[in-house]
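Student: here is a sequence together with a model predicted from it:
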Amino acid sequence: MTNLAIVYGSDSSEWEVSVRSGQFTASKFDRNLYKVYEIFARFGKWQLLAYWNAEGQRVEMPQDSLPEVDKTDFSVMLDGKKQNFDFVYIMQHGAPGENGQIQGYLEMIGMPFSSCSSFVAATTFDKFSCKSYLRDVPYVKCAKDVFIRKIADADPERWAAELGFPMFIKPTDGGSSFGVTKVKKLEDIMPAVEYAFSEGKSVMAEEAVSGREITCAVYTTPEGPKALPIVEIVPHTEWFDYEAKYNGLSDEICPADLPSHVWDMVQRSSVKIYSRLGCEGLVRVDYILSEKGLYFLEVNTIPGMTSASLVPKMVKAADMDMTDFLTTIIQSKCSSRNL
């Protein structure tokens, strides 16, 4: 039986969503194949929060004496014995789970894990960097944008002339819509820039493309990457912000009502993006489907996995069992490393 550690929590504003994703995922692993341990990791303090016993029951550790992870080999002391792990399933939204930091650490100690490599995670986590890999491909379009490293570099007049209104101003390295503002007039640009910098170290302004928001996940199988059914997102708010994502203020239509040729095009494009960026494990690709074509928004290399998240809806629409789906990801990752 494989000793599997699932790591959740993060150093970003997304940490609470990460906990929900991690605990939902932990409850779905095959108990006949994996002995599951839940690691809560935030700001360098990694602790064993709970484990699942042979009877399939979740056993929580005493809150006043949570075992600390030994980072020299990613182990914990449990009942006076050293507990090692065979595989790490990463469910950290934001840093350090999506920006390549934890992947780099696990690579250095030789521990297999579920997601993209440290390089790919770092590349895709930065929205501007990720778009730069896709600007010239024929199967997806990228909205016009500008990039800045510091507030002093913001140029509202030039941005208005180049991008028009409305535009989105966002941190390049974040998720769950933290730090994102839809800007409709010149005087609102600088407050939006300051807000974006409160969540990230670099910022981009991006043309707002009109159209239908859709998303498609791709995952690793022994036969290669495979796309899941497409979801269309119809927010009740003006755009797909935090409230729409996590407080039920959106309709998430799965499978999306799209013509078959559009459906095929989106799935093929998602697999091509997955392969071009060098992704592994499970990722989700977000788009705007416009009259002018399919516009790439971003890649989520650690997509949400709460009971209300998009990927579980896709798995259900594909008539797949979540436990079997997770097993496929883990076993495909292990076989690719000859483990």
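Tutor: Yes, it's here. Numbering: from 1, shown residues only.

Student: break the chain down into its domains, please.
Tutor: Listed by automatic domain parsing, the domain ranges of the chain are 2-113, 124-141+210-336, 144-207.

Student: just put the ones you listed in TSV and tack on mean pLDDT and mean neighbour count.
Tutor: Any C-beta I mention is one placed from the backbone N, CA and C, and that applies to glycine too. Putting these into TSV (pLDDT from 0 to 100; neighbours: other CB atoms under 10 Å) gives the following:
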stretch	mean pLDDT	mean neighbour count
domain 2-113	95	18
domain 124-141+210-336	92	18
domain 144-207	92	18
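
Student: for the stretch 1-150 of the chain, what spans make up the helices?
Tutor: Taking DSSP state H, counting those that start in this stretch to define them, one finds helices in the stretch 1-150 of the chain at 15-26, 101-109, 118-125, 127-132.

Student: how far off centre is the first one?
Tutor: So the one you mean is helix 15-26. Here helix 15-26 is found 12 Å from its chain centre; the criterion is CA atoms, centre = their mean, to the nearest Å.

Student: so what does that helix touch, helix or strand wise?
Tutor: Under the contact criterion of 3 or more CB pairs under 8 Å, 6 or more residues apart in numbering; DSSP states H and E, helix 15-26 touches strand 2-8, strand 34-42, strand 87-91.

Student: now for these, which one comes closest to residue 292?
Tutor: Closest approach to residue 292 among the helices and strands packed on helix 15-26 (CB to CB): strand 87-91, 35.7 Å.

Student: for the closest one, packing partners?
Tutor: Counting by 3+ CB pairs under 8 Å, 6+ apart, strand 87-91 packs on strand 2-8, helix 15-26, helix 101-109, helix 322-336.

Student: how about JSON lines for the ones you listed, with distance to residue 49 added?
Tutor: Below are the helices and strands packed on strand 87-91 laid out as JSON lines (distance: least, CB to CB, whole Å):
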{"stretch": "strand 2-8", "distance to residue 49": "9"}
{"stretch": "helix 15-26", "distance to residue 49": "9"}
{"stretch": "helix 101-109", "distance to residue 49": "16"}
{"stretch": "helix 322-336", "distance to residue 49": "19"}
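
Student: so for residue 286, which of the helices of the stretch 1-150 of the chain sits nearest?
Tutor: Nearest of the helices of the stretch 1-150 of the chain to residue 286, taken as CB to CB: helix 127-132 at 10.5 Å.

Student: not counting the closest one itself, show me its contacts.
Tutor: Helix 127-132 is contacted from outside by 123-124, 142, 145, 147, 170, 172-173, 202, 204, 277, 296, 298-299, using CB atoms under 8 Å, 6 or more residues apart in numbering.

Student: strands along the stretch 51-200 of the chain, start to end?
Tutor: 58-60, 76-78, 81-83, 87-91, 141-142, 145-148, 167-171, 181-183 (DSSP state E, counting those that start in this stretch).

Student: who wins for proximity to residue 325 among those?
Tutor: Residue 325 lies closest to strand 87-91 among those, at 12.5 Å (CB to CB).

Student: hang on, the earlier thing: nearest to residue 185, out of the helices and strands packed on strand 87-91?
Tutor: Of all these, it is helix 15-26 that lies closest to residue 185, at 31.0 Å by CB to CB.

Student: next structured bit after the helix ranked longest in the chain?
Tutor: Ranked by number of residues, the top helix in the chain under DSSP state H is helix 260-277. Next helix or strand after helix 260-277 toward the C-terminus (DSSP states H and E): strand 282-290.

Student: mind checking which of the helices and strands packed on strand 87-91 is nearest residue 258?
Tutor: Taking CB to CB, helix 322-336 is the member of those nearest to residue 258, at 22.6 Å.

Student: quick one: contacts of that closest one?
Tutor: 2, 4, 25, 28-30, 33-34, 87, 89, 112-114, 219-222, 280-282, 312, 315-316.

Student: roughly how far apart are the residue of the chain most remote from its centre and residue 60?
Tutor: Largest separation from the mean C-alpha position in the chain: residue 80, at 35.7 Å (CA atoms, centre = their mean). Applying CB to CB, to the nearest Å, the value for residue 80 to residue 60 is 19 Å.

Student: the residue nearest to residue 29 when sequence neighbours are not counted: what's it in contact with?
Tutor: Closest residue to residue 29 apart from its sequence neighbours, by CB to CB, 6 or more residues apart in numbering: residue 36 at 5.1 Å. By CB under 8 Å, 6+ apart, the contact list for residue 36 reads 4-6, 26, 29, 51-52.

Student: can you check residue 220 too?
Tutor: Residue 220 neighbours (CB under 8 Å, 6+ apart): 280-282, 328-329, 332-333, 336.

Student: and with 6 Å instead?
Tutor: 280-281, 329, 332 (CB atoms under 6 Å, 6 or more residues apart in numbering).
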